[in-house]
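>>> structure for the following, please:
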Amino acid sequence: MKKILAISGLLILFLMNAGDAMAQCAMCRGSVESSMGNGRNNVGVGLNTGIMFLFVMPYLLVAVIGYLWYRNSKRAQQERHFVATRVKQAYQG
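Prediction:
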């Protein structure tokens, strides 16, 4: 229960600071400012979306792999428990 509480607390803190995560590097900022001077305003939005996509994907991949590992571990544990119960019944019966 404490793990779930800690993870949800970290997630809430991350979401509270999501506005600051839309920052750009100096090169990207210069590119956006020069394109805004030319009258194209949508370049910055696309750039921020690309940055956030590249930021989130590795964490999402690790989360999916972790979930699959956890699920397979639980399944294997249930199978071991079933076999142990059958062996115990065989010795008692």
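>>> same for the helix or strand of the chain with the lowest mean pLDDT, what does it pack against?
Sorted by mean pLDDT, DSSP states H and E, the helices and strands of the chain end with helix 26-37, the least confident at a mean of 72. Helix 26-37 is packed against helix 43-92, with contacts defined by 3 or more CB pairs under 8 Å, 6 or more residues apart in numbering; DSSP states H and E. Any C-beta I mention is one placed from the backbone N, CA and C, and that applies to glycine too.
>>> helix 26-37 and the helix it packs on, what's the angle between them?
Interaxial angle, helix 43-92 versus helix 26-37 (axes from the mean of the first three to the mean of the last three CA atoms, to 10 degrees): 130 degrees.
>>> centre of the chain to helix 43-92, how far?
How far helix 43-92 lies from its chain's middle: 12 Å, per CA atoms, centre = their mean, to the nearest Å.
>>> quick check: mean pLDDT of it?
In this model, helix 43-92 carries a mean pLDDT of 88.
>>> with stretch 5-24 instead?
73.
>>> quick check: buried residues in the least confident helix or strand of the chain?
28, 32 (16 or more other CB atoms under 10 Å).
>>> do the same with stretch 73-81
So for stretch 73-81, nothing qualifies as buried (16+ other CB under 10 Å).
>>> and I51, how many neighbours?
By other CB atoms under 10 Å, 16 other residues sit near I51.
>>> hmm, I was thinking of N48
16.
>>> how about M52?
Neighbours of M52 (other CB under 10 Å): 13.
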